[in-house]
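> quick check, what structure comes out for this input:
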Amino acid sequence: MIQGIGCDILKIERLKHILTTTPAFLKHTYSKKELIEYQKRNCDIYYLATRFAAKEAIVKALSKYNNDLNSIEILNDDLGKPYVMIQGQQQPQIQISLSYETDYAIAYAVLSSI
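The predicted structure follows:
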């Protein structure tokens, strides 16, 4: 049964602006694993944008979330499928879909009961 749905869209230019004006944003928003992967991908802005949109969509699906966004991790399995970790625990009840185009990133999150 579906317990919650969240969606978020992000304009890429907005994220670029935040990154240049607020250096602490990276540390407060992304986990260490996400930042390592970001660096491996030659600082791919779309990687950060889809993860940020996913974190916002997850918060919406959960209806309430009081922790920092960096405690939500969006990682990829061996086949590239994204999955969700919250405070170090995998969350199989949260399914996400990520996508981007030149100017926007979008993410959907569905929270289901197990």
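
> following the strand or helix carrying Ile58, which helix or strand shows up next?
If you go by DSSP states H and E, Ile58 is part of helix 45-62. Next along the chain after helix 45-62, taking DSSP H and E as the criterion, comes strand 72-76.

> helix or strand right after that following strand?
With elements assigned by DSSP H and E, the helix or strand that comes after strand 72-76 is strand 82-86.

> mind listing what that following strand pairs with, with the direction of each?
Using DSSP bridges, strand 82-86 pairs in its sheet with strand 72-76 (antiparallel), strand 89-90 (antiparallel).

> and the ones you listed: which comes nearest Asp103?
Closest of these to Asp103 is strand 72-76, at 20.6 Å (criterion: CB to CB). In short, each C-beta sits where N, CA and C put it, glycine included.

> before we move on, the earlier item: of the strands paired with strand 82-86, flag the one that's most buried.
Stretch with highest mean neighbour count among the strands paired with strand 82-86: strand 72-76 (a mean of 20; mean count of other CB atoms under 10 Å).

> give me the residues contacting that one.
31, 33-34, 37, 50-51, 54-55, 58-59, 65, 82-86, 96, 98 (CB atoms under 8 Å, 6 or more residues apart in numbering).

> tell me which residue is most central in this protein.
Central residue of the chain (CA atoms, centre = their mean): Arg51, 2.6 Å from the mean position.

> quick one: it and Leu35 touch, right?
No: if you go by CB atoms under 8 Å, Arg51 and Leu35 don't touch, sitting 10.1 Å apart.

> for Ala49, give me its contacts.
Going by CB under 8 Å, 6+ apart, Ala49 touches 10, 12, 15, 100, 105.

> what do you get for Ser71?
Going by CB under 8 Å, 6+ apart, Ser71 touches 31, 86-87.

> show me where pLDDT drops low in this structure?
The chain contains residues with pLDDT under 70 at 114.
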